[in-house]
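Asker: here are the coordinates; sequence isn't available:
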């Protein structure tokens, strides 16, 4: 469990200086990758993965311009959402969704990236408050077929997507994947290419899927490869916040 030092020390000037530099560096990487791919950086969302980070670190990052934050663990996330409800944050749930926790996810998040079962999508749909905008959904794909990994198999994506797209209270946006690390840029790009092709194929299957616009792929170590293959949202944690046990002092 993360052990916090007193906030005045942990979030002193050195922390803010380092956090500013980290965010700037990630934005520069994102912009350079977009240029290399002939794309606009405005079309790519930087999602700050804040699992394991205290609420005050997220507040600091929000003050530096980040708006989208991703959390993996529901109880940890709910405490942060309550503590930071004055900031206008768009919260993304990016971890596995358990059936007994779908109500809280449906009520508290703007996005869910990790839907890989129709049952979960149905529960999120039924439990999304009618007064809220539709919950943005990405289907998680086990793009490299790794054993024991979350995500639907590529050949089952179309059937799941068509079912999810018909559920009220949800807006199916696209696909998400977390491929295993590859040792070279070409290896990294291969799985991202496959995911992009899956999304392109889905768009041809009728009006319900024609508007899919999101490829949630790429993290700190491979965001350039993901952007080269069409990522519209990259999930970056370590390159922004450093180690979840790292304290930068005054």
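Answerer: Cool, got the structure. Being a predicted model, the structure only gives us computed values, none of them experimental.

Asker: for this structure, which helix is longest?
Answerer: helix 13-36 (DSSP state H).

Asker: can you list the buried residues in the next helix or strand after that helix?
Answerer: Per DSSP states H and E, helix 13-36 leads on to strand 45-49 as the next helix or strand towards the C-terminus. Neighbour-count burial for strand 45-49, counted by 16 or more other Cβ atoms under 10 Å, picks out 45, 46, 47, 48, 49. The way it works is simple: take the backbone N, C-alpha and C, and place the C-beta from them, glycine included.

Asker: now swap in stretch 109-127 and tell me
Answerer: 109, 111-117, 120-121, 123-125.

Asker: now find how far off-centre stretch 41-59 is within its chain.
Answerer: Averaging C-alpha positions (Cα atoms, centre = their mean, to the nearest Å) puts stretch 41-59 9 Å from its chain's average.

Asker: offset the numbering so it begins at 610, please.
Answerer: Let's use 610 as the start, then, which means that last one is stretch 650-668.

Asker: now do that stretch: distance from first to last residue.
Answerer: Using Cα to Cα, to the nearest Å, one end of stretch 650-668 lies 24 Å from the other.

Asker: pLDDT of that stretch, averaged?
Answerer: If you average the pLDDT over stretch 650-668, you get 96.

Asker: buried residues in it, which are they?
Answerer: 653-668.

Asker: cool, and stretch 751-759?
Answerer: 751, 752, 753.

Asker: run through the residues that contact residue 686.
Answerer: 680, 700, 702, 717, 718 (Cβ atoms under 8 Å, 6 or more residues apart in numbering).

Asker: helix, strand or coil for it?
Answerer: helix (DSSP: H, G, I helix; E, B strand; the rest coil).

Asker: for the chain, which segments are assigned as strands?
Answerer: Taking DSSP state E as the criterion, the chain carries its strands at 654-658, 677-680, 699-702, 720-724, 744-749, 779-785, 823-825, 842-845.

Asker: which one of those strands lies closest to residue 801?
Answerer: strand 823-825 (7.9 Å; Cβ to Cβ).

Asker: tell me the helices and strands packed up against that closest one.
Answerer: strand 744-749, strand 779-785, helix 794-812, strand 842-845 (3 or more Cβ pairs under 8 Å, 6 or more residues apart in numbering; DSSP states H and E).

Asker: adding mean pLDDT and distance to residue 832, write these out as a markdown table.
Answerer: A markdown table is the format used below for those (pLDDT from 0 to 100; distance: least, Cβ to Cβ, whole Å):
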| stretch | mean pLDDT | distance to residue 832 |
| --- | --- | --- |
| strand 744-749 | 98 | 17 |
| strand 779-785 | 98 | 14 |
| helix 794-812 | 95 | 10 |
| strand 842-845 | 98 | 5 |
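
Asker: the ones you listed: which one's closest to residue 835?
Answerer: Per Cβ to Cβ, nearest to residue 835 of the helices and strands packed on strand 823-825: helix 794-812, 5.0 Å.

Asker: between that closest one and strand 744-749, how big is the angle?
Answerer: 120 degrees (axes from the mean of the first three to the mean of the last three Cα atoms, to 10 degrees).

Asker: for helix 794-812, which residues meet the burial criterion?
Answerer: 797, 798, 799, 800, 801, 802, 803, 804, 805, 807, 808, 811.

Asker: before we move on, back to that, switch the buried residues of strand 654-658 over to a markdown table; also include distance to residue 779.
Answerer: A markdown table is the format used below for those (distance: Cβ to Cβ, whole Å):
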| residue | distance to residue 779 |
| --- | --- |
| 654 | 19 |
| 655 | 24 |
| 656 | 19 |
| 657 | 24 |
| 658 | 23 |
